[in-house]
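Q: Next come a sequence and a model predicted from it.
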Amino acid sequence: MTGSRDFSRVSVRQLGLALTAFFVATYILCIALGVIVPDWEMHKPWLQFFPGFEWLTLQGFLVGLVESVIYAWYIAVLFGWLFNNLGSQARA
């Protein structure tokens, strides 16, 4: 078949970029929602999941942004490796 592709492996780079975009967009939306509706106290989970995060400071925002990217790539590398190495054994 012309143009067929082998989908038996996942690209860790593409997975990492997709997860980075998703995590960063979600982080920014949650921060924006926390600013719009401060009574919901949206910042409390960020204090738990992002060490060094401070609410409504530039440094805190950047720390959360960098840690979002780190989490995205950690997941991409871990699940990409697991899928590519363990998943191929199950399909063999």
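A: Noted; the coordinates are in hand. Small disclaimer: the values here were computed from a predicted structure and weren't measured.

Q: Alpha carbons only: can I get stretch 77-91 in CSV?
A: C-alpha atoms of stretch 77-91 as CSV (Å, rounded to 0.1, in the frame of the first residue of the first chain):
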residue,chain,number,x,y,z
VAL,A,77,10.2,9.8,27.8
LEU,A,78,8.9,7.3,30.3
PHE,A,79,5.7,6.3,28.5
GLY,A,80,7.4,6.5,25.1
TRP,A,81,10.1,4.2,26.2
LEU,A,82,7.7,1.8,27.8
PHE,A,83,5.4,1.7,24.8
ASN,A,84,8.3,1.3,22.3
ASN,A,85,10.1,-1.4,24.2
LEU,A,86,7.4,-3.3,26.1
GLY,A,87,4.6,-2.8,23.7
SER,A,88,6.6,-4.2,20.8
GLN,A,89,7.1,-7.5,22.8
ALA,A,90,3.3,-7.9,23.2
ARG,A,91,2.8,-7.3,19.4
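
Q: what pLDDT, on average, does it get?
A: Average pLDDT, stretch 77-91: 83.

Q: Which positions in it come out as buried?
A: Gly80 (16 or more other C-beta atoms under 10 Å). All C-beta atoms are positioned from the backbone trio N, CA, C, and that covers glycine.

Q: Also stretch 65-75?
A: Under the neighbour-count criterion of 16+ other C-beta under 10 Å, stretch 65-75 has Leu65, Glu67, Ser68, Val69, Tyr71, Ala72, Trp73 buried.

Q: Can you show me the helices along the chain?
A: Counting by DSSP state H, the chain has helices at residues 12-36, 43-49, 58-91.

Q: Show me what the longest one packs onto, helices and strands only.
A: Counting by 3 or more C-beta pairs under 8 Å, 6 or more residues apart in numbering; DSSP states H and E, the packing neighbours recorded for helix 58-91 are helix 12-36.

Q: Show the secondary-structure elements that the helix it packs on is packed against.
A: Against helix 12-36 (3+ C-beta pairs under 8 Å, 6+ apart) you get helix 43-49, helix 58-91.

Q: Rebuild the buried residues of stretch 65-75 as CSV, extending it with pLDDT and distance to Trp81.
A: Listed next are the buried residues of stretch 65-75 as CSV, based on pLDDT from 0 to 100; distance: C-beta to C-beta, whole Å:
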residue, pLDDT, distance to Trp81
Leu65, 96, 25
Glu67, 97, 21
Ser68, 97, 21
Val69, 98, 18
Tyr71, 98, 16
Ala72, 98, 15
Trp73, 98, 12
